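[1] sequence-free structure coming up:
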């Protein structure tokens, strides 16, 4: 009876050891699969971090270009405003000069009309004198 019970326990122990070995193999496979999945996820995280870094770099580069362009446009605008101010000043000076020249031309025309009238009177007087001197020797 003891021998039979020992034999039965040995067989049961062998069965349990086989089940334990199978369970350990399955656990090792699952651990290996999980390790592979962990490595795969780590690679994916690394790739995504790299992509994120590249996107940040591209965005910063794009923002830098935009800032430079805005600065350049602001400088151009400032230059154009200065040129506009100078042109307005020049226009004002030209208008003043034009007004002065028109005034000068008007005065010279009036003076010329006066001189022409005086010349006409002087001619009449010369003609009158000639006519009168022609009657008196």
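    Here it is on my side, so go on. Keep in mind that this is a model prediction, so the values were computed, not measured. Residues are numbered from 1 along each chain as shown.

[2] sec struct for residue 46, please.
    Three-state secondary structure (criterion: DSSP: H, G, I helix; E, B strand; the rest coil) places residue 46 in helix.

[3] run a quick neighbour tally on it.
    Burial measure for residue 46: 10 neighbouring residues, criterion other CB atoms under 10 Å. Backbone N, C-alpha and C define where each C-beta goes, glycine included.

[4] same thing with residue 41?
    Neighbour number of residue 41 under other CB under 10 Å is 10.

[5] now it: how far from residue 9?
    For residue 41, the distance to residue 9 under the criterion CB to CB, to the nearest Å works out to 46 Å.

[6] local confidence estimate at residue 82?
    Reported pLDDT at residue 82 in the predicted model: 97.

[7] go on, residue 131?
    We note a pLDDT of 87 for residue 131 in this prediction.

[8] what's the separation between it and residue 124?
    Relative to residue 124, residue 131 is positioned 10 Å away (criterion: CB to CB).

[9] again with residue 45
    116 Å.

[10] same question, residue 7
    When CB to CB is applied, the distance between residue 7 and residue 124 equals 171 Å.

[11] please apply the same query to residue 43.
    As for residue 43, its distance to residue 124 is 118 Å (criterion: CB to CB).

[12] swap in residue 49?
    From residue 49 over to residue 124 the distance is 110 Å, taken as CB to CB.

[13] over to residue 82?
    Computed as CB to CB, the residue 82 to residue 124 distance reads 63 Å.

[14] residue 88: neighbour count?
    Applying the criterion other CB under 10 Å, we find 10 residues in the vicinity of residue 88.

[15] tell me the contacts of it?
    By CB atoms under 8 Å, 6 or more residues apart in numbering, no residues touch residue 88.

[16] ok, which stretches of the chain are helices?
    Taking DSSP state H, the helices of the chain run over residues 2-135.

[17] in it, where is pLDDT below threshold?
    For the chain, applying pLDDT under 70 flags the ranges 135-137.
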